[in-house]
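> Okay, here's the prediction I keep looking at, along with the sequence it came from:
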Amino acid sequence: MKSAFSALLLFLFAALVMADDTYQPVSGAPPAPPRELRGVWIATVGNKDWPSAPGLSVAQQKAEMISLLDTAVRLKFNTVVFQVRPASDAVYASSIEPWSEYLTGVQGRAPQPYYDPLAFAIEEAHKRGLELHAWFNPFRARGSVLSPPAPNFVGRTHPAWVRKYGDSLWLDPGEPAVRDYVVRVIVDVVRRYDVDGVQFDDYFYPYPVNSESGTQIPFPDDGTWRKFGRESGLSHENWRRQNINEFIESIYQNIKAAKPWVKFGVSPFGIWQPGYPPQVRGFNAYAELYADSRLWLANGWVDYFSPQLYWPINAPAQGFQALLGWWEAQNVKGRNLWPGMAAYVAGTKFPVTEIARQIEATRAQRGASGEIFFEMRSFQENPALAAVVAGEYAEPALVPASPWLQTAPLGRPELGAKDERGDLTVQWELPGGPSPAKWLLQFCGPDYVWKTVILQGFQTTESFTFSPQDISVRAMDRADNLGPASVITRENVLKAPRPAPAAPRPAAVAPAKSFWSSFPKN
């Protein structure tokens, strides 16, 4: 009789708890979420990463892209940098330039059945919570040749702009019409596609080419110099640098005029000039590529800067850490500093554990907030490398914010929760104001540890198979800035006092019945 009475008391106790398991709004905000740029380049030139060969079927191309993006999600990357213009061509539908031969094997030939690879990649990346930055090579006109040039190839429509240098064709940056043309190509993509960023790599004026005798061949722009440079009062070398400087500034301004939230970044050669810092030796990008990348960073003509620091930490003449610290000192405008890392030589030129050391060194460097890896294929072909990065990226992270970009202030969401047959459904909306690009959902479970899930702007519900202690939702704009938090807390008549919340820890797996459950976790 006593045991039956005790069981009844326990049943009534549980029923009372369940009945009063409701959520009420509270003031305050959860701990700041972790932020770190985790980027990876997807190269199309030479079919390095995607597609794996020219002439693949559309189904094969799509499957390969999805595989790459799923790998990025599995390793908890948050950004892919997709090469969309490897050589005055287009990996997208363009009225200005021809379809890339790396797609179909024939320059100017569209994929059949027709689809737009860039639009497809953006849609699939955004579904997975990944940013996609469009990577352009501004002045390379043609490198490897798989097919005859298309009728609308710039070398045929504007042959006076093109210079043959070594085995390649190059647009001459000294021609003002060339710079205007490239700006038009890039702004066309910014206006028509939902890209999160635009990026250039290290190619401006071409890398030097030597003759058979070993002497350096000069870039053939003497005619352009006589026409446009001599009257400038600058030396030939400084005039070339000025051409690139004006181009970088113009690109930045034109992107912001089209869409202020689209980020612009440059990934230059990792050494500005030998001697900076003093122990550094190596290639002089300032003198040979006419790339004064320190000026672009100092003037704030970029939103992020990713110098290619492809050397080990202990390299005496090009040490990763020494160069990263030097670049941070040049970043007087406080732009995002995300060094490029050489995943493609991990395991050959240096051990894969060097990548872990470089990630840790970047985290320790004041002013740096993430990294970008070259290249995507390395993570699919090198399991040891993937394991190292997975260990460093054990939990997801938000892309660092760019607070200097012009965006409208975000409002505070209206947040509520209801229990449906044991499953808790959280719903929210943002009344008025701009629509968010993403949502930041944070919750504090029974262990009192805050966890984080990043959701796309179209998702306004989430389900749990348990009842978190606290739930918070914040809107996020296209520049990765966060709005104010709405927080609800579970109220229970028999709720015991709880300890202070533990340090924030992002969730490796989203809650049950999440949008993210459709994507691979392993």
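Thanks, I have the structure now.

> low-confidence ranges in the stretch 101-250 of the chain?
Scanning the stretch 101-250 of the chain for pLDDT under 70 picks out no residues.

> all strands of it, in order?
Applying DSSP state E, counting those that start in this stretch to the stretch 101-250 of the chain gives strands spanning 131-136, 140-142, 162-165, 168-171, 197-200, 209-210, 216-217.

> Mean neighbour count and distance to residue 292 added to those, as TSV?
Any C-beta I mention is one placed from the backbone N, CA and C, and that applies to glycine too. Converted to TSV, those look like this (neighbours: other C-beta atoms under 10 Å; distance: least, C-beta to C-beta, whole Å):
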stretch	mean neighbour count	distance to residue 292
strand 131-136	23	19
strand 140-142	22	20
strand 162-165	18	21
strand 168-171	22	19
strand 197-200	24	14
strand 209-210	12	22
strand 216-217	10	20
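
> Out of the ones you listed, which is closest to residue 375?
Smallest distance to residue 375 across these (C-beta to C-beta): 11.1 Å, for strand 131-136.

> about what we covered before: between the strands of the stretch 101-250 of the chain, which one is closest to residue 421.
With C-beta to C-beta as the criterion, residue 421 lies closest to strand 131-136 of the strands of the stretch 101-250 of the chain, at 37.0 Å.

> list the buried ones in stretch 288-304?
Within stretch 288-304, the residues scored as buried using 16 or more other C-beta atoms under 10 Å are 288-297, 301-304.

> again, but for stretch 57-65
Buried-residue list, stretch 57-65, by 16+ other C-beta under 10 Å: 58, 61, 62, 64, 65.

> Can I get that stretch in CSV, CA atoms only?
Extracted in CSV, the C-alpha atoms of stretch 57-65 (Å, rounded to 0.1, in the frame of the first residue of the first chain):
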residue,chain,number,x,y,z
SER,A,57,27.6,15.0,-68.1
VAL,A,58,25.5,17.6,-66.2
ALA,A,59,24.5,14.9,-63.7
GLN,A,60,28.1,14.1,-63.0
GLN,A,61,29.0,17.8,-62.7
LYS,A,62,26.2,18.3,-60.2
ALA,A,63,27.1,15.2,-58.2
GLU,A,64,30.7,16.3,-58.0
MET,A,65,29.8,19.8,-56.8
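
> Residues touching it, excluding its own?
With C-beta atoms under 8 Å, 6 or more residues apart in numbering as the test, stretch 57-65 has contacts from 50-52, 56, 103, 111-113, 115, 117, 120-121, 124.

> Now, those residues that are in helices?
Among the contacts of stretch 57-65, the members found in helices (DSSP state H) are 103, 117, 120, 121, 124.

> Pick the one among those closest to residue 347.
residue 121 (27.7 Å).

> my read: the closest one touches residue 82, true?
Yes - Residue 121 is within contact range of residue 82, at 5.6 Å (criterion: C-beta atoms under 8 Å).

> okay, and the common contacts of these two?
Joint contacts of residue 121 and residue 82 (C-beta under 8 Å, 6+ apart) are residue 132.

> Could you export the buried residues of stretch 57-65 to TSV, including columns for secondary structure and distance to residue 207?
Converted to TSV, these look like this (DSSP: H, G, I helix; E, B strand; the rest coil; distance: C-beta to C-beta, whole Å):
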residue	secondary structure	distance to residue 207
58	helix	35
61	helix	30
62	helix	34
64	helix	29
65	helix	29
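
> Turn these into TSV, including distance to residue 228 and pLDDT.
Formatted as TSV, the buried residues of stretch 57-65 follow (distance: C-beta to C-beta, whole Å; pLDDT from 0 to 100):
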residue	distance to residue 228	pLDDT
58	44	98
61	42	98
62	45	98
64	44	98
65	41	98
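
> Please parse the protein into its domains.
The record's domain split for the chain, according to automatic domain parsing, is 19-32+405-518, 37-144+198-218+262-392.

> any idea which of the ones you listed scores lowest on pLDDT?
Looking at the domains of the chain, the lowest mean pLDDT belongs to domain 19-32+405-518 (a mean of 78).

> neighbours of the nearest residue to residue 276 once chain neighbours are set aside, just the number please.
Here the nearest residue to residue 276 in space, its sequence neighbours aside, is residue 326; by C-beta to C-beta, 6 or more residues apart in numbering that works out to 6.2 Å. Residue 326 has 19 neighbouring residues, counting by other C-beta atoms under 10 Å.
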